[in-house]
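Colleague: Show me the folded form of this:
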Amino acid sequence: MTPLIKVIIPAYNEEDSIGKVINDIPNHVDEVIVVSNNSTDSTEENAKNAGATVLTEQRKGYGYACLKGMEYIAAQNNTPNIIVFLDGDYSDYPEQLDEIIAPIINQDIDFVIGARVKRLREQGSMTPQQVFGNWLATFLMKLFFGAKFSDLGPFRAIKYDKLLALEMEDKTYGWTVEMQLKALKKKFSYVEIPVKYRNRIGVSKVSGTVKGTILAGVKILSWIFKYSFK
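Modeller: Below you'll find the model as predicted:
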């Protein structure tokens, strides 16, 4: 049986990149859902023109956008088998989606992370604070939970029923780490797949600012310590 796959792309002012992202997603994906997170440019128009379903979420926050996409899917009649999350800035390589979902289809793995390994990263595509933050977060998850994660990469796939079981709640910067922590707690099977990563189009709304970097770091660490002492 061919799995039903839906892609959720949170996007805030990504008019120059969103069309490229959508066009590079393999054709067998059932639906690409772009959640415009209070965009003020042509992100929504460009996403529609590229063939995506476009939702709007006025509350700013990566988690808010992801939850909006999930809410939309939950109201549909055709329940998907796999949900893929992907950024809208064209830093990921959407054509690698088949590599990301392969462990779920072929090995019945619950959850797959696209790991942005150094050898496949374009120079400058991750800031020093991103590299350090990823190292610290995954080190702490290894220390407290015996996890084997090496990245908090946004390009990820998960079985739909497992995603629902996580009862995701983070509204902003902690979405990715919350998913990984809850998957560990529930003992879901998981693997990492090395993925390529390039310099994004435009300026990052998180790592591109001092405020965003600090807030993201605090949120990520708070989730880890919250679950470490539960």
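
Colleague: Going by C-alpha atoms from here, please, whenever you check contacts or count neighbours.
Modeller: OK.

Colleague: Let's see the helix or strand containing residue 177 as CSV, backbone CA atoms only.
Modeller: Assigned by DSSP states H and E, residue 177 belongs to helix 175-185. The C-alpha atoms that make up helix 175-185 are tabulated as CSV, following Å, rounded to 0.1, in the frame of the first residue of the first chain:
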residue,chain,number,x,y,z
TRP,A,175,8.7,22.6,19.0
THR,A,176,11.5,20.4,17.6
VAL,A,177,13.0,19.5,20.9
GLU,A,178,9.6,18.8,22.5
MET,A,179,8.9,16.3,19.7
GLN,A,180,12.2,14.5,20.3
LEU,A,181,11.9,14.5,24.1
LYS,A,182,8.3,13.1,24.0
ALA,A,183,9.3,10.5,21.4
LEU,A,184,12.1,9.4,23.8
LYS,A,185,9.7,9.3,26.7
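
Colleague: quick one: the residue nearest to the spatial centre of the chain from residue 39, how far?
Modeller: Central residue of the chain (C-alpha atoms, centre = their mean): residue 154, 3.1 Å from the mean position. Residue 154 sits 19 Å away from residue 39, going by C-alpha to C-alpha, to the nearest Å.

Colleague: repeat for residue 125
Modeller: On the measure of C-alpha to C-alpha, residue 125 and residue 39 end up 23 Å apart.

Colleague: starting at the chain centroid, how far to stretch 30-43?
Modeller: Relative to the centre of its chain, stretch 30-43 is centred 14 Å away, using C-alpha atoms, centre = their mean, to the nearest Å.

Colleague: Equivalent analysis for stretch 107-127, please.
Modeller: 11 Å.

Colleague: list the helices and strands whichever helix or strand comes after the helix holding residue 177 packs on?
Modeller: Downstream of helix 175-185, the first helix or strand assigned by DSSP H and E is strand 190-194. When contacts are defined as 3 or more C-alpha pairs under 8 Å, 6 or more residues apart in numbering; DSSP states H and E, strand 190-194 sits against helix 97-107, strand 111-115.

Colleague: To residue 19, which of these lies closest?
Modeller: Closest approach to residue 19 among these is made by helix 97-107 (16.3 Å; C-alpha to C-alpha).

Colleague: Going by contacts, tell me the helices and strands next to that closest one.
Modeller: Using 3+ C-alpha pairs under 8 Å, 6+ apart: helix 97-107 touches strand 111-115, strand 156-159, strand 190-194.

Colleague: which parts of the second one are buried?
Modeller: Along strand 156-159, these residues count as buried under the neighbour rule (16 or more other C-alpha atoms under 10 Å): 156-159.
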